[in-house]
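Q: what follows is a predicted protein model with its sequence.
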Protein chains: 2
Amino acid sequence: MPLQQLIQTYLPAIEDELQLAVARSHAPHYAELLKMMRYHMGWDGEGAGPKATGKRVRPLLVLLTAAAAGDNWKNALPAAAAVELVHNFSLVHDDIEDNSPLRRGRPTVWKIWGLSQGINTGDTLFTLAHLEMLELRRSVSTKIVLDAASLLQHTCLHLTQGQFLDISYENRNDLVLDDYWPMVSGKTAALLEACTELGAIVAESDATTRNSYRLFGRDLGLAFQALDDYLGIWGDVSETGKSAASDLLEGKKSLPVLFGLQQNGAFATRWRQGPINPDEVPTLAAQLAAEGGKAYTQYQAERLTQQALAALKAANPQGDAGEALVELAHTLLKREV
Amino acid sequence: MPLQQLIQTYLPAIEDELQLAVARSHAPHYAELLKMMRYHMGWDGEGAGPKATGKRVRPLLVLLTAAAAGDNWKNALPAAAAVELVHNFSLVHDDIEDNSPLRRGRPTVWKIWGLSQGINTGDTLFTLAHLEMLELRRSVSTKIVLDAASLLQHTCLHLTQGQFLDISYENRNDLVLDDYWPMVSGKTAALLEACTELGAIVAESDATTRNSYRLFGRDLGLAFQALDDYLGIWGDVSETGKSAASDLLEGKKSLPVLFGLQQNGAFATRWRQGPINPDEVPTLAAQLAAEGGKAYTQYQAERLTQQALAALKAANPQGDAGEALVELAHTLLKREV
């Protein structure tokens, strides 16, 4: 089981690289700006620590892919840090857009420092992400740096397009299943897709292998989201840590909900009438299951998981890192559906 | 007087390049996102037209510099469009951070589409700016593309740092003159500095010339800001179009105000007591002038103007574009102090 061992090797290097990236071009004048970023990254302030930093799944994916594709994982560190910074930029802005007071149990940046500093701190992380990517110059050719930078920029565009759809969907009740995939492709899958493709780019994989890694990342992201949407309604509370059927209470436009809306049955009729009360949840979840929403979501999660694993196999990942990638995919997708 | 002729040649090409850049990777799903960006850029919606687009001073500076440094101006079009997109990203976010309902006489993006879409539209323009810069690949070598992209990223970091200071200063009354320059260097001068340096980079100027163009852009920006701060208190209303001494009413931490605070005299005492009433403005402006704030600001504007023109001369700009650069500097800095 090499995953845990590799995580223990990679993680401190990822944190070091991230800390350098965030402090780039720092001057005493901007001490409070650095403080806001370091707080959000989970390094400083109340509640700082591993729970606040998150699992760093994205940078781990970059490094594991680079190593499994035959490169020294250290060469890919700037790419790994860059995607994590993009992820965190999007979290800081999402928290404002969703009006969220808490992130990983701690007050969000905008809650502590206000809306203006919140927006600007996100913008700063965004910029630092792209500057960090250019640090690839330390280890790879100019052409590869440009390929990687271009990929990250296209990914960011995809992210903002997904976010646009997510915000737009909030007040719409006419959505159908076809509206789901472009949104989660942008919001969730695009960055995971970039992680594995970046690993392959830095390792200078051939086009076929690079594409297999890219598809692995994308389908991993989509499968993860479909599974998450399943668990948000039919998950075991003791495992998910969320209250049962919380997605129904929050009115989330998840995969099973969009399936149900498309069926235009009793579930859709009730959903369109407005917010769901906690006491209605069990009946409504059962109704959605009866209309096929549960089986459909299970099927999609399973289909995408198999697709992700097949793409990974096609990439022919090597060594401990290759095994760890398979293990990571199983860990992320193993939750019971 | 070649400036007007060159503007007539360059401007349609700038608008074409910008329109392509904004529509990049567009799909029907994101029609409304494109609509928000096109509205902000001044092309569509109520009040669209030259007044809504602004003067495009930044992209013009890029193209004029590239041409004055001996290159075909068309080679620099992606760099020109990229800086204009960065400028517009910052305007969209500034309007939210300053709670501004209007921009160039039209409702701001966030006022029409809401806070969340406003933030995300700014993020999208930011990403499109960096993607556009990579389009330089059409005309220059990979190494130069990377230089230009890196410069734009560093500039964006400088912008967000300046914006951080600007927001931080809002509730501070302990500021001194030294606090002024880092803020305006980031907020105003950094992007103009990038414009002229980018023109020289694309034209493959030698290091000395490139640095002269860079200093020209920076000092042009600083001089422009010092002049703007002067006119914001002692300007002729009929020329500035602003109400007299509007900067005092708005509590703006401008150059003369920070000078006055540093003097710690009667002006500083009154300023620190809170908002200024319209009927106090003439007395307070006279008090600040008596304490030396007017002469100091005049001196700084004049000094920086001379410095900018000297840097431009040192760059030895060629041809019609070279003449037009001198003319543009005089136009921006000619307003009477």
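A: Arrived safely, thanks for sending. Numbers count the residues shown, from 1 in each chain, chains lettered A, B, ... in the order given.
Q: quick one: the strands in chain A, in order.
A: A:102-103, A:106-107 (DSSP state E).
Q: to chain B, which of those lies closest?
A: strand A:102-103 (16.2 Å; C-beta to the nearest C-beta). The C-beta positions use only the backbone N, C-alpha and C, and glycine is treated the same way.
Q: what sits up against that closest one?
A: A:H40, A:L91, A:D95, A:T108, A:K111 (C-beta atoms under 8 Å, 6 or more residues apart in numbering or on different chains).
Q: who wins for most neighbours among those?
A: Counting neighbours by other C-beta atoms under 10 Å in any protein chain shown, A:H40 comes out on top of these with 28 neighbours.
Q: what sits closest to it if chain neighbours are left out?
A: Excluding the flanking residues, the one nearest A:H40 by C-beta to C-beta, 6 or more residues apart in numbering or on different chains is A:V109, at 5.1 Å.
Q: check what pLDDT A:L85 gets.
A: For A:L85, the pLDDT comes out at 98.
Q: for A:T240, that is, sorry about that
A: Looking at A:T240, the pLDDT reads 57.
Q: same question, A:R335
A: At A:R335 the predicted local distance difference test score is 63.
Q: could you pull out the helices for the stretch 201-337 of chain A?
A: With helices called from DSSP state H, counting those that start in this stretch, the stretch 201-337 of chain A shows them at A:207-234, A:237-240, A:246-250, A:255-263, A:266-272, A:281-290, A:293-315, A:319-333.
Q: and the strands of chain A as JSON lines, adding mean pLDDT and mean neighbour count?
A: Shown next, in JSON lines, are the strands of chain A (pLDDT from 0 to 100; neighbours: other C-beta atoms under 10 Å in any protein chain shown):
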{"stretch": "strand A:102-103", "mean pLDDT": "95", "mean neighbour count": "14"}
{"stretch": "strand A:106-107", "mean pLDDT": "97", "mean neighbour count": "18"}
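Q: would you format those strands as TSV with distance to B:C195 included?
A: Formatted as TSV, those follow (distance: least, C-beta to C-beta, whole Å):
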stretch	distance to B:C195
strand A:102-103	37
strand A:106-107	39
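Q: A:W181: which of those strands is closest?
A: Nearest of the strands of chain A to A:W181, taken as C-beta to C-beta: strand A:102-103 at 26.4 Å.
Q: from A:A308, how far off is the residue sitting nearest the centre point of chain A?
A: When C-alpha atoms, centre = their mean is applied to chain A, the residue found nearest the centroid is A:T188 (4.8 Å). Going from A:T188 to A:A308 by C-beta to C-beta, to the nearest Å gives 13 Å.
Q: count of neighbours near A:H130?
A: 25.
Q: meant to ask about A:M1, not that
A: Neighbour tally, A:M1, other C-beta under 10 Å: 9.
Q: would you confirm that it contacts A:L328?
A: No - taking contacts as C-beta atoms under 8 Å, A:M1 lies outside contact range of A:L328: 11.0 Å.
Q: sorry, back to before: mutual contacts of A:T188 and A:A308, please.
A: Taking C-beta under 8 Å, 6+ apart as the contact rule, A:T188 and A:A308 both touch A:L222.
Q: for A:S25, give me the pLDDT.
A: A:S25 is given a pLDDT of 79.
Q: one more: A:T142?
A: A:T142 carries a pLDDT value of 95.
Q: go on, the one 4 residues further on?
A: A:L146 is assigned a pLDDT of 96 by the prediction.
Q: distance of it relative to A:D123?
A: Note on A:L146: its distance to A:D123, by C-beta to C-beta, is 23 Å.
Q: and the two? Which one has more around it.
A: When neighbours are counted by other C-beta under 10 Å, A:L146 and A:D123 differ, and A:D123 comes out ahead with 27 against 19.
Q: the more buried one and B:L125 touch, don't they?
A: No - assessed by C-beta under 8 Å, A:D123 is found out of contact with B:L125, at 11.3 Å.
Q: filter the contacts of strand A:102-103 down to the ones in helices?
A: Among these, DSSP state H puts A:H40, A:L91, A:D95, A:K111 in helices.
Q: next up, the contacts around the third one.
A: With contact set as C-beta under 8 Å, 6+ apart, A:D95 has these partners: A:R103, A:T108, A:V109, A:W110, A:G118.
Q: want to throw the contacts of strand A:102-103 into JSON lines with distance to A:D247?
A: Below are the contacts of strand A:102-103 laid out as JSON lines (distance: C-beta to C-beta, whole Å):
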{"residue": "A:H40", "distance to A:D247": "26"}
{"residue": "A:L91", "distance to A:D247": "19"}
{"residue": "A:D95", "distance to A:D247": "19"}
{"residue": "A:T108", "distance to A:D247": "21"}
{"residue": "A:K111", "distance to A:D247": "24"}
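Q: pLDDT added to those, as a markdown table?
A: Listed next are the contacts of strand A:102-103 as a markdown table, based on pLDDT from 0 to 100:
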| residue | pLDDT |
| --- | --- |
| A:H40 | 98 |
| A:L91 | 98 |
| A:D95 | 97 |
| A:T108 | 98 |
| A:K111 | 98 |
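Q: quick one: which of the residues you listed is nearest B:T209?
A: Among the contacts of strand A:102-103, A:H40 lies closest to B:T209 (C-beta to C-beta), at 41.4 Å.
Q: for that closest one, give me its contacts.
A: A:N88, A:L91, A:V92, A:R103, A:V109, A:T121, A:L125.
Q: what of A:A194?
A: Going by C-beta under 8 Å, 6+ apart, A:A194 touches A:V83, A:L151, A:L152, A:T155, A:G217.
Q: swap in A:G221?
A: Contacts of A:G221 (C-beta under 8 Å, 6+ apart): A:V184, A:T188, A:A189, A:A190, A:L191, A:L192, A:E193.
Q: same check, this time on A:Y180
A: Each residue near A:Y180 by C-beta under 8 Å, 6+ apart is listed here: A:K253, A:L255, A:L258.
Q: please enumerate the helices of the stretch 51-200 of chain A.
A: A:57-68, A:77-97, A:109-113, A:115-134, A:142-169, A:180-184, A:190-202.
Q: the first one - contacts with which helices or strands?
A: So the one you mean is helix A:57-68. Under the contact criterion of 3 or more C-beta pairs under 8 Å, 6 or more residues apart in numbering or on different chains; DSSP states H and E, helix A:57-68 touches helix A:2-22, helix A:77-97, helix A:190-202, helix A:207-234, helix A:319-333.
Q: most tightly surrounded among the ones you listed?
A: Per residue and on average, the most neighbours among the helices and strands packed on helix A:57-68 fall to helix A:190-202, with a mean of 29 (mean count of other C-beta atoms under 10 Å in any protein chain shown).
Q: what about the stretch 151-300 of chain A, any weak spots by pLDDT?
A: The model of the stretch 151-300 of chain A has pLDDT under 70 over residues A:237-245.
Q: so which bits of it are right by chain B?
A: A:153-154, A:156-158, A:160-161, A:163-165, A:167-168, A:182 (C-beta under 8 Å from any C-beta of the partner chain).
Q: pull the most distant pair out of the residues you listed.
A: A:Q153 and A:S168 (22.8 Å).
Q: look at those two and report which has more neighbours.
A: Neighbour count, other C-beta under 10 Å: between A:Q153 and A:S168, A:Q153 has more, with 23 against 20.
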